[in-house]
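Undergrad: What would the 3D arrangement of this be:
(one chain, ligands or ions: 1)
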Amino acid sequence: MKVPLCKPSIDKNEINLVTKTLKSNWLTHGPYNTKFEELFNTKFKTKYAIAMNSCTSALECAIKSLGIKGEIIIPSFTWVSTANAVINCGSKPVFADINFNTRNIDLKSVSKCVTKKTIALIVVHFAGLPCDMTKISKFCKKNNIKIIEDSAETLGAKINNKFTGTFGIGCFSFFPTKNITTTEGGMLTTNNKNTYNFVKKLIAHGIDKNIKSNFWHREAVLAGHNFRMPNHLAAMGYTQLRKISKLNKARNDIANLYNSELSKISKKIKIPFIPKGFTHSFQMYTITVESKIRNKLLNFLKKNNIEASAHFDPPLHLQKYLKKFNKKKLSVTEKLSREILTLPIFPDMSRKEVFYVIKNINNFYKINNK
Ligand SMILES: Cc1ncc(COP(=O)(O)O)c(C=O)c1O
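TA: Here you go, the predicted model:
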């Protein structure tokens, strides 16, 4: 048996609608962008949603919409896009440490990173678990720090009944490994009309559609990008989003099965922690094991055709080109990056596949003691 790390759930509904959209000859952004954005707003209770070509683009738009440059606090325990977006927008990333159990940014560490130059905090909702946005929002308001939510890995998860992407400017990814996919794609969410108007122009060459002296007039008012999502990919996203509850439930069911079975194998395997009042969308299922066996276990699973991985190892502040932005030790991040292990999870994963992974972990522990 071969078990992939992740696999998108694409059925005939996506295929039929994408085909129909392709046949309609409307290939660039079009009616399905609006439908997808409206459904996103309805599902996640946001005011404005803008579909675009990636979460990385959404992060850049969010940062540019702040209108100033300075220091932006981010976790080091994230995909490199979070830091790249900051640097590519002319600001400086300042790395904060995380909480070991939630794997999310630690407010105490954030507070130590604040200087006069701090303009924003990008929180990363890791693997499907929201950050503690109640405390973070309070802190940022008090310190006049803008919040951007890198919610690439978390779609449809809540903190006290409030979805991620509604606390600051939300940035979501529809890369094939994520909770829903448009192949490549992303979404920016905001409750601020000015941010919405600015980003709408920024993703489409800086053209202001309200300025029109005649029908051929296109007036650029800023140096925009082409970050738009094409119509047929928006149609795919719309179809995927309609079944998000079902997809996330399937992920949660698999996570629960892993939780109960892995706990029986060894006390040293730590299953994911979900704080009270939070929900998890399990874009990834991560456990921690002792650092001295982590790599061995990864190789063992690979040999048995199981695609496991380690998100994120190495963390950003230890990567060569990012080292210059950080002088301090981030001890929790470093420890977690040595112990974390990502197991396969995807909505269509069969019980047989889950038990194959569990059986192999069990075999590994039998050979390598408990
Ligand atoms: C935390 C985080 N931020 C940003 C991204 C980038 O998303 P995209 O590939 O849509 O640009 C990812 C994707 O892997 C991610 O995990």
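Undergrad: can you list contacts of the longest helix along the chain?
TA: Counting by DSSP state H, the longest helix found in the chain is helix 244-265. Residues outside helix 244-265 that contact it (C-beta atoms under 8 Å, 6 or more residues apart in numbering): 9, 43, 128, 155-157, 179-180, 240, 269, 271-272, 280-283, 285, 287, 343, 345-349, 351, 354-355, 357-358, 361-362, 365. All C-beta spots, glycine's among them, are computed from the backbone N, C-alpha and C.
Undergrad: Which ones among those residues map onto helices?
TA: Per DSSP H, the contacts of helix 244-265 map to helices at K43, Q240, R351, V354, F355, V357, I358, I361, N362, Y365.
Undergrad: Pick the one among those residues closest to the ligand.
TA: Q240 (14.2 Å; C-beta to the nearest ligand atom).
Undergrad: give me the number of residues near the nearest residue to that closest one once chain neighbours are set aside?
TA: Excluding its sequence neighbours, the residue lying closest to Q240 (C-beta to C-beta, 6 or more residues apart in numbering) is I180, at 3.8 Å. Using other C-beta atoms under 10 Å, I180 is surrounded by 26 other residues.
Undergrad: isn't I180 right up against G186?
TA: No. I180 is beyond contact range of G186, at 11.4 Å (criterion: C-beta atoms under 8 Å).
Undergrad: what's the overlap in contacts for the two?
TA: F174.
Undergrad: ok, back up a step: narrow the contacts of helix 244-265 to those that are buried.
TA: Listed as buried from the contacts of helix 244-265 are 9, 43, 128, 155-157, 179-180, 240, 269, 271-272, 280-283, 285, 287, 343, 345-347, 349, 354, 357-358, 361-362, 365; burial here means 16 or more other C-beta atoms under 10 Å.
Undergrad: Just those: which are in strands?
TA: Secondary structure from DSSP state E places Y285, I287, L343 of the buried ones among the contacts of helix 244-265 in strands.
Undergrad: Just name the closest of the ones in helices among the contacts of helix 244-265 to N191, please.
TA: Among these, K43 lies closest to N191 (C-beta to C-beta), at 15.1 Å.
Undergrad: On the pLDDT front, check Y196 for me.
TA: Y196 is assigned 98 on the pLDDT scale.
Undergrad: now the helices for the stretch 101-250 of the chain?
TA: Using DSSP state H, counting those that start in this stretch, the helices of the stretch 101-250 of the chain run over 107-113, 133-142, 193-202, 231-242, 244-265.
Undergrad: and those helices, which is most packed in?
TA: helix 231-242 (a mean of 24; mean count of other C-beta atoms under 10 Å).
Undergrad: tell me the contacts of C131?
TA: Taking C-beta under 8 Å, 6+ apart, we find C131 in contact with T102, N104, I105, V123, V124, H125, E149.
Undergrad: can you narrow these to ones near the ligand?
TA: With C-beta under 6 Å from any ligand atom as the criterion, the contacts of C131 include V124 near the ligand.
Undergrad: Need the max-distance pair from the contacts of C131.
TA: Within the contacts of C131, T102 and E149 form the most distant pair, 15.0 Å apart (C-beta to C-beta).
Undergrad: of these two, who's got more company?
TA: Neighbour count, other C-beta under 10 Å: between T102 and E149, E149 has more, with 28 against 20.
Undergrad: Closest to the centroid, which residue in the protein?
TA: Nearest to the geometric centre of the chain sits A152, at 1.8 Å (C-alpha atoms, centre = their mean).
Undergrad: Distance-wise, check the nearest residue to it once chain neighbours are set aside relative to the ligand.
TA: Closest residue to A152 apart from its sequence neighbours, by C-beta to C-beta, 6+ apart: S173 at 3.6 Å. Using C-beta to the nearest ligand atom, to the nearest Å, S173 is found at 3 Å from the ligand.
Undergrad: ok, now I169?
TA: 14 Å.
Undergrad: go on, K141?
TA: For K141, the distance to the ligand equals 24 Å [C-beta to the nearest ligand atom].
Undergrad: Just checking: what are the partner strands of the longest strand along the chain?
TA: For the chain, the strand that runs over the most residues, judged by DSSP E, is strand 118-124. Here strand 118-124 has these sheet partners by DSSP bridges: strand 71-75 (parallel), strand 146-150 (parallel).
Undergrad: CA atoms only for the first one, dumped as CSV, please.
TA: Extracted in CSV, the C-alpha atoms of strand 71-75 (Å, rounded to 0.1, in the frame of the first residue of the first chain):
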residue,chain,number,x,y,z
GLU,A,71,8.9,45.9,11.4
ILE,A,72,6.4,43.0,11.2
ILE,A,73,6.3,40.3,13.8
ILE,A,74,5.8,36.8,12.5
PRO,A,75,6.4,33.3,13.8
